[in-house]
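S.K.: Quick one, fold the following:
(one chain, ligands or ions: 1)
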Amino acid sequence: SRTCLVTGASSGIGHATASLLRRRGDTVIAADLADGDIRADLSTAEGRAELVARARDLTGGRLDAVVACAGVAHFDALTVKVNHFGAVATLDGLRPLLAAGSDPRAVVVGSVDSVHPTDPAIVAAALAGDETAAVAAARAAVDRGEGHLVYSSSKAAISRWVRRAAVTDDWAGAGVPLNAVAPGVVVTPLTRPLLDDPETRVLVERSVPMPLHGHARPEQIAPLIAWLTSRENTLVTGQVVFADGGADAVLRGDTT
Ligand code: NAI
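M.R.: Next up, the predicted model:
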């Protein structure tokens, strides 16, 4: 059986993924803010170090899969700290454990929102690995009344980070597929407040059109994550795989 670590495992997509992997017989190490096998706040340097240290203790230093799912969608700098820098710290920090695993794989949860308008300053700072500058750029966006750009920017940055990192010696060179899954709108505690309010619901429906089956359940995302982290995936790497009921095709259908 495989040993997989899932962040954000207490709720939504992370919870559904951890449950599916367990049902398939894998050993799952669940990480989240306040419960699970590892409690760590991935917005902080201490929490990120704690995640890696505890994972090492619990696994004897070997992991077969990592799923970086923890994320938030606030209109503030926390969103870039968790969604980009927390995810990068998870993947980079656990890479030595993956290197010691068997048929290791990694997935990060991005978002279809990465194709929406972004703030280039946030994305550039995030890709440069400069958290102080990315946080400052996020605060500047909020101050100009463009707080909504922080989430799309955090997801655009992590998707581009995946595409760049996947083909380096660290990942492809070490034989580790690394991909992003980009969900459309999934009904979870993260989106429920937006969907419950008729005014914001209309905005969500307009910005993320989902002609196939409409809004999704977390259980519809989990099998894709599970496959990308399975032994069967020997060739897919550096991809941002949209699981979005057609939203990306509607929004960007003329690009290939
Ligand atoms: P959720 O709110 O149900 O679950 C997110 C989990 O991450 C929670 O258990 C939360 O405690 C944890 N988390 C948040 N901040 C953390 C921190 N600082 N340290 C450690 N853990 C932390 O949300 P959902 O919807 O399951 O989202 C999971 C991922 O999917 C996120 O990255 C989100 O951006 C992404 N996503 C969600 C979509 C949706 O429509 N629900 C669409 C596209 C992407």
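
S.K.: and residue 206, what element?
M.R.: Taking DSSP states H and E as the criterion, residue 206 maps to helix 198-207.

S.K.: Can you give me the neighbour number for residue 60?
M.R.: Neighbour count of residue 60, defined by other C-beta atoms under 10 Å: 10. Every residue, glycine included, has its C-beta placed from N, CA and C.

S.K.: Am I right that residue 106 is in a strand?
M.R.: Yes: going by DSSP: H, G, I helix; E, B strand; the rest coil, the assignment for residue 106 places it inside a strand.

S.K.: For it, list each beta-bridge partner.
M.R.: For residue 106, the beta-bridge partners are residue 66, residue 178 (DSSP bridges).

S.K.: can you tell me which residues contact it?
M.R.: The neighbours of residue 106, taking C-beta atoms under 8 Å, 6 or more residues apart in numbering as the test, are 65-68, 91, 94, 98, 171, 176-179, 229.

S.K.: now do 7 Å
M.R.: Applying C-beta atoms under 7 Å, 6 or more residues apart in numbering, one finds that residue 106 lies in contact with 65, 66, 91, 98, 176, 178.

S.K.: Please name every helix or strand in contact with the helix holding residue 206.
M.R.: Contacting helix 198-207 under the criterion 3 or more C-beta pairs under 7 Å, 6 or more residues apart in numbering; DSSP states H and E are the following elements: helix 192-196.

S.K.: What are the contacting residues of the helix it packs on?
M.R.: For helix 192-196, the surrounding residues in contact (C-beta under 7 Å, 6+ apart) are 187, 200, 201, 204.

S.K.: Which residues of the stretch 1-150 of the chain lie near the ligand?
M.R.: Listed as neighbours of the ligand in the stretch 1-150 of the chain under the rule C-beta under 6 Å from any ligand atom: 7-8, 10-14, 32-33, 41-43, 69-73, 82-83, 86, 109, 111.

S.K.: Now, those residues that are in helices?
M.R.: Secondary structure of these is defined by DSSP state H; positions in helices are 12, 13, 14.

S.K.: The last one: neighbouring residues, count only.
M.R.: Just to be clear, that refers to residue 14. If we define neighbours as other C-beta under 10 Å, then residue 14 has 28 of them.

S.K.: Ok, the first one next?
M.R.: For residue 12, the neighbour count with other C-beta under 10 Å is 23.

S.K.: show me the contacts for it.
M.R.: With contact set as C-beta under 7 Å, 6+ apart, residue 12 has these partners: 186, 188, 189, 190, 218.

S.K.: what do you get if the cut-off is 8 Å, keeping everything else the same?
M.R.: Counting by C-beta under 8 Å, 6+ apart, residue 12 touches 69, 186, 188, 189, 190, 218.
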